[in-house]
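I would like to see how this sequence folds:
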Amino acid sequence: MENRNLNAATSKLVTAGLFAAMITIMTAYIFHIPYGANGGYIHFGDALIYLGAVFLPRPYALAAAAIGGGMADILTVPAWAPATVIIKMLIVLPFTCKEGRILCTRNMAAPFIAAVISAVGYYLAEGILFGSFVAPLASLAGSAVQSGGSAVIFLVLAAALDKMHMKNLAHQMLKL
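Numbers count the residues shown, from 1 in each chain. The predicted structure follows:
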């Protein structure tokens, strides 16, 4: 029994690591579109954070989001990394991995709640980093584009993955 628990824990840890790596690459390099003078950029890495949040138990999803988002910022705009680590962990919270399907009611609403959390978080972080809470208002449009794009990508991928019963398969194969 102890060996089975060790295998399950190892499987969760490895899967979280893979999600962290995919989040880093998607955020830092794939569809990485800089905007504004504040070092911000549009990306779709949040879609992978959302998927991690529905496949992984919460502690693993929090770690994958924090590590993946933080590493992407360390590679691109290091000043934002501390704020990103916190914000990316917070956007995991609206999601659940306890349902049998990815697109349960909660997970359909969660990307939009996460978008608000992200926009407010980055607005506050930018205000603190640059000493003004007026200038960051201009960044809200970019936050909306990024969060909206990630929400659409997540919903499309989730629908396709649900048709393939991927969540059940992943839980059986990976013991998540």
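
lowest-confidence helix or strand of the chain?
The helix or strand of the chain with the poorest confidence is strand 41-42; it has a mean of 76 (mean pLDDT, DSSP states H and E).

Who are the contact partners of the residue most central in space within the chain?
The centre of the chain sits closest to I49, judged by CA atoms, centre = their mean, with a distance of 2.3 Å. By CB atoms under 8 Å, 6 or more residues apart in numbering, the contact set of I49 is 19, 23, 61, 64-65, 68-69, 88, 91-92, 150. In short, each C-beta sits where N, CA and C put it, glycine included.

What distance do you get for A63 to Y41?
From A63 across to Y41, the span is 23 Å (CB to CB, to the nearest Å).

residue boundaries of the strands in the chain?
Taking DSSP state E as the test, the strands found in the chain are 33-34, 41-42.

Run through the chain and note the low-pLDDT ranges.
For the chain, the stretches with pLDDT under 70 are 1-2, 36-40.

Tell me which stretches of it form helices.
2-28, 45-55, 58-76, 81-92, 105-130, 140-163, 166-174 (DSSP state H).

Buried residues, the last one. List them.
Applying a neighbour-count criterion of 16 or more other CB atoms under 10 Å, the buried positions in helix 166-174 are 166-167, 170, 174.

Alpha carbons of it, as PDB, please.
Taking Å, rounded to 0.1, in the frame of the first residue of the first chain, the C-alpha atoms of helix 166-174 are listed here in PDB:
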ATOM      1  CA  MET A 166      -9.500  12.900 -20.800                       C
ATOM      2  CA  LYS A 167     -10.000  13.700 -17.200                       C
ATOM      3  CA  ASN A 168     -11.100  10.200 -16.300                       C
ATOM      4  CA  LEU A 169      -8.200   8.700 -18.400                       C
ATOM      5  CA  ALA A 170      -5.700  11.000 -16.800                       C
ATOM      6  CA  HIS A 171      -6.900  10.100 -13.300                       C
ATOM      7  CA  GLN A 172      -6.700   6.400 -14.100                       C
ATOM      8  CA  MET A 173      -3.300   6.500 -15.700                       C
ATOM      9  CA  LEU A 174      -1.600   9.100 -13.500                       C
END
